[in-house]
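Engineer: sequence below, structure please.
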Amino acid sequence: YGDPDNNPLDEDVLRTIRGKLLLEPDSISGLSALFTIARVHDTPAVLSVSAPFEDRFKNAGESLDFRTTDTTNYIADIGYTFLPGMTVRSITSYADTETEIGSAASAAIQRDTVRDGGDFTQDLRLEIENSGNGLSGVVGLFYGLFEFGQDSFDEIDIGFGLIPLQVLTTDVETESMAAYADLRYRFWDRFVLIGGGRLLKDKIKSTADGAILPDLLGPFGTIQSNYSDEFTEALPRAGITYDLTRGQTVGFMYSKGYRNGFTELNLNTALFNTVKPEYMDAYELSYRSAWANNSLSVNANAFYYDYKDQQVAFEEDFFLVPGYPVSTIVNADSSHAYGAEIEARWRPVKPLQLYGSLGLMRSEFDTFTGPLGENYAGNEFPEAPAYTIAAGGLWQDSSGWFAGANLRYTDGYYSGGDLANSPLRFVDSYTIVDARIGYEWDKYTLTVFAKNLFNEEYVTYKSINATQASVGDEQLFGVTLRGTF
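Structural biologist: The predicted model follows:
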């Protein structure tokens, strides 16, 4: 870092503690209750660098945000099997989240933001199990209340000291209710009809109160917003599979997807941008197979996704600080993506397992005029590599020793927010290799691992004008000891 005070930002800290209690009383046959509490503290390393990116160096004065998140999850999973193959289940959960966002001492924009979230969900469902001909699947009811609050006091140095940039309090509440089903009916031994979907209603409410550059703009920088809307959607799902042989199955599936609309502040205009709901029609063909006494499996999917009003991120320079990106969500009128996924696993001898996969995708905006009048029709989606490859193997000896390695290749793609497909923001392809070796005994596992074994230097994102970038993790060696009780 150009500012030595920022050196601690290179440290990645993740702490997790989890407790579980399982109750299965002998006096009530078929009842099972699992209670979980988990606490996670996450302070991710800041991987933003200045050009030239291979130096992994951050200039003093450039934007540099960091965040710390503390999350506590409470889950109660209670199931009761009242008949063979029939289970009623209740899953209640609450997630309490707090995120603090700050900035490096030398950054031109100083952020002081606290985000609080409280997410409550209740899922009540009937699970139907059936391995032969007949009906199986799940039907249920869902309720969710998602609350989010943000308090921001951000400042900016415009040459003669810090002045308030954004003073804003935001509260968002989303209430979601749904009835859903995912059912399968097997007949004639080889056919399975798949049907179901989701009937939902979302209620969105948000308020915002504050100001942009109050010292400069006075009352003209005042921000106030009250937004509310309701979305009622029916999202069907239907398909069929056919067993070609005992070990080969083909299938077709159609489903409709949806993402609710909302409103957000555009820092450049000091206006609120209303984002419409996104819809997707998904068509998928599938092939599943098992060979050589299940020692070899080959699976494949082909898909076509047709989007309406796809929600995508749009980036532009902040008008006061060139090179500092401001991101907003906009709707692409129509777009599509298609591709295929192929996966194979092979166990040539009992201790050895090999696997590999190939992902292919093409994407395109069909009709899309940007917020500044730009024509993005014909461009591909940001962060959508044309293909990805993964391969690896694991040897597990009966003595307890094991060793494994895996490779991941990602083809080049345009950076997130780059709807214009700028060559300057194109991210080159990269290959990552991980490896591990260890020993298992009783209830313990000792592992020596290497991540990014060959220390591949790679970029995952480039900013506007490619003045800054996010880089991938460097080579890492470590040891873990895992025990179960």
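
Engineer: which ones are touching the closest residue in space to Glu278 that isn't next to it in sequence?
Structural biologist: Leaving aside its chain neighbours, Glu278 sits nearest to Arg259 (4.1 Å; criterion: Cβ to Cβ, 6 or more residues apart in numbering). The way it works is simple: take the backbone N, C-alpha and C, and place the C-beta from them, glycine included. Counting by Cβ atoms under 8 Å, 6 or more residues apart in numbering, Arg259 touches 277-278, 311.

Engineer: same deal with Thr99?
Structural biologist: 67-70, 114-115, 117.

Engineer: and the two most separated of those residues?
Structural biologist: Thr68 and Gly117 (14.2 Å; Cβ to Cβ).

Engineer: looking at the two, which one has more neighbours?
Structural biologist: Ranked by neighbour count (other Cβ atoms under 10 Å), Thr68 and Gly117 place Gly117 first, with 17 against 14.

Engineer: now that one: how far from Thr71?
Structural biologist: 9 Å (Cβ to Cβ, to the nearest Å).

Engineer: name the residues contacting each of those two.
Structural biologist: 95-98.

Engineer: can you flag the buried ones in these?
Structural biologist: The neighbour count (16 or more other Cβ atoms under 10 Å) marks 95, 97 as buried among those.

Engineer: next step: the shared contacts of Gly117 and Thr71 restricted to strands.
Structural biologist: 95-98 (DSSP state E).

Engineer: what residues are bridge-paired with Val448?
Structural biologist: Counting by DSSP bridges, Val448 is bridged to Ile437, Val479.

Engineer: heads up, I number from 38, so please use that
Structural biologist: Understood, numbering begins at 38; the last thing we discussed is Val485.

Engineer: wait, it sits on Gly441?
Structural biologist: No. Here Val485 does not reach Gly441: they are 11.5 Å apart, not a contact under Cβ atoms under 8 Å.

Engineer: Leu304 and Val363 touch, don't they?
Structural biologist: Yes. Under the criterion of Cβ under 8 Å, Leu304 makes contact with Val363 at 5.0 Å.

Engineer: what's the overlap in contacts for these two?
Structural biologist: Joint contacts of Leu304 and Val363 (Cβ under 8 Å, 6+ apart) are Phe355.

Engineer: can you list residues touching both of Val485 and Gly441?
Structural biologist: In contact with both Val485 and Gly441: 473-474, using Cβ under 8 Å, 6+ apart.

Engineer: which one's more surrounded, these two?
Structural biologist: Gly441 (18 against 14).

Engineer: mind checking which of the contacts of Thr136 land in strands?
Structural biologist: Per DSSP E, the subset of the contacts of Thr136 in strands is 104-107, 151-152, 154.

Engineer: ChimeraX command for the buried members of those?
Structural biologist: Buried subset of those, written as a ChimeraX selection, criterion 16+ other Cβ under 10 Å:
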select :106,152,154
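
Engineer: would you format the ones in strands among the contacts of Thr136 as TSV with distance to Phe119 included?
Structural biologist: Formatted as TSV, those follow (distance: Cβ to Cβ, whole Å):
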residue	distance to Phe119
Arg104	46
Thr105	46
Thr106	41
Asp107	40
Val151	46
Arg152	43
Gly154	36
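
Engineer: can you lay out the ones in strands among the contacts of Thr136 as JSON lines showing pLDDT and distance to Ala423?
Structural biologist: Below are the ones in strands among the contacts of Thr136 laid out as JSON lines (pLDDT from 0 to 100; distance: Cβ to Cβ, whole Å):
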{"residue": "Arg104", "pLDDT": "89", "distance to Ala423": "32"}
{"residue": "Thr105", "pLDDT": "94", "distance to Ala423": "36"}
{"residue": "Thr106", "pLDDT": "96", "distance to Ala423": "33"}
{"residue": "Asp107", "pLDDT": "97", "distance to Ala423": "39"}
{"residue": "Val151", "pLDDT": "96", "distance to Ala423": "40"}
{"residue": "Arg152", "pLDDT": "95", "distance to Ala423": "35"}
{"residue": "Gly154", "pLDDT": "96", "distance to Ala423": "36"}
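
Engineer: between the ones in strands among the contacts of Thr136, which is closest to Ala141?
Structural biologist: Arg104 (12.2 Å).
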